[in-house]
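*Asks:* sequence isn't available, so here's the structure alone:
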């Protein structure tokens, strides 16, 4: 799947909504909704499940020792399932909470996000080449959002053990390439708009790339992993002012 959108040559039409402003509005709406959902999950279903775990432990301790081994085994299986569910809910809550991109800076935020993959036994190699140019807030959020969605897909759907993430800043281009060794999928299903729950994020990546006039290519084959490439020309041009730089590896 390839998305190529040329950056508009002129933006002086006051009647036209600027893509940067549109992305900013979408960002605010999404962050508010994610924050609301994380609070509701934490204060609702997560607490109920934790309470149920305590009740199971109490019930098991009250069972007589004789003729109850099978029932105790069943309760132990239920307890383990609930424990896994609570861990997954806590992960979802963490994913929903707005990431402090403005505080950390783009590269540091991506480093932290990539490091989380270790918790799922996924080895992530991160390389950063070049010096971060001055990016607009929309460009920073688009870059971070696409990396975040790609890594989330790796963790949730790819069943991968390795992923490489390379960020390059050249004279007039910023690019990100993400590759994994997972199970892959058929991108034609996305192009043909065949709905799948795990396709929503990929379609969102396409929309985000469109808003900042970026090139997005997703290449995958069943059993052969997936690669995502995102590239654009920063609106500020080649000016270099930020000091998040270097070649780092996680």
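*Replies:* Arrived safely. It should be emphasised that the depicted structure is a prediction, and the values quoted were computed from it without experimental measurement.
*Asks:* surely residue 231 meets residue 214?
*Replies:* Yes. The criterion here is C-beta atoms under 8 Å, and residue 231 meets it with residue 214 at 6.4 Å. Glycine gets a C-beta too; all of them are placed from N, C-alpha and C.
*Asks:* those two: who's more crowded?
*Replies:* Remark: of residue 231 and residue 214, residue 214 carries more neighbours, 25 against 17, as counted by other C-beta atoms under 10 Å.
*Asks:* so the more buried one touches residue 228, yeah?
*Replies:* No. The pair residue 214 and residue 228 fails to qualify as a contact (C-beta under 8 Å) at a distance of 11.9 Å.
*Asks:* quick one: secondary structure of residue 171?
*Replies:* Classification of residue 171 by DSSP: H, G, I helix; E, B strand; the rest coil places it in coil.
*Asks:* any idea how far the helix ranked longest in the chain is from the chain center?
*Replies:* Identified as the longest helix of the chain according to DSSP state H is helix 69-96. Chain-centre distance of helix 69-96: 24 Å, with C-alpha atoms, centre = their mean, to the nearest Å.
*Asks:* and the next helix or strand after that helix, what does it pack against?
*Replies:* Counting by DSSP states H and E, the next helix or strand C-terminal to helix 69-96 is helix 101-104. Counting contacts by 3 or more C-beta pairs under 8 Å, 6 or more residues apart in numbering; DSSP states H and E, helix 101-104 packs against helix 137-153.
*Asks:* any idea how far the helix it packs on is from the middle of the chain?
*Replies:* Centroid separation for helix 137-153 versus its chain: 7 Å, with C-alpha atoms, centre = their mean.
*Asks:* which secondary structure elements does it sit against?
*Replies:* Checking 3+ C-beta pairs under 8 Å, 6+ apart, helix 137-153 ends up next to helix 19-43, helix 101-104, helix 106-115, strand 162-169, strand 174-180, helix 200-211, strand 226-232.
*Asks:* which one of these lies nearest to residue 151?
*Replies:* Counting by C-beta to C-beta, residue 151 lies closest to helix 106-115 out of those; the figure is 6.2 Å.
*Asks:* next, the angle strand 162-169 makes with that closest one.
*Replies:* Put simply, helix 106-115 runs at 180 degrees to strand 162-169, going by axes from the mean of the first three to the mean of the last three C-alpha atoms, to 10 degrees.
*Asks:* show me the contact partners of helix 106-115.
*Replies:* Contacts with helix 106-115, where a contact means C-beta atoms under 8 Å, 6 or more residues apart in numbering, come from 99-101, 104, 124, 126, 128, 132, 135, 140, 143-144, 147-148, 151, 165, 167, 244, 248, 250.
*Asks:* tell me which helix or strand comes right after it.
*Replies:* strand 123-129.
*Asks:* what lines up beside that next one in the sheet?
*Replies:* The strands beside strand 123-129 in its sheet (DSSP bridges) come out as strand 162-169 (parallel).
*Asks:* now do the buried residues in the strand it pairs with.
*Replies:* By 16 or more other C-beta atoms under 10 Å, the buried positions in strand 162-169 come out as 163, 165, 167, 169.
*Asks:* nearest to residue 180 among these?
*Replies:* Nearest to residue 180 out of the buried residues of strand 162-169 is residue 163 (C-beta to C-beta; 4.3 Å).
*Asks:* so that closest one bridges to which residues?
*Replies:* Beta-bridge pairing of residue 163 under DSSP bridges involves residue 124, residue 180.
*Asks:* contact partners for it?
*Replies:* Counting by C-beta under 8 Å, 6+ apart, residue 163 touches 117, 122-125, 151, 154, 178-181.
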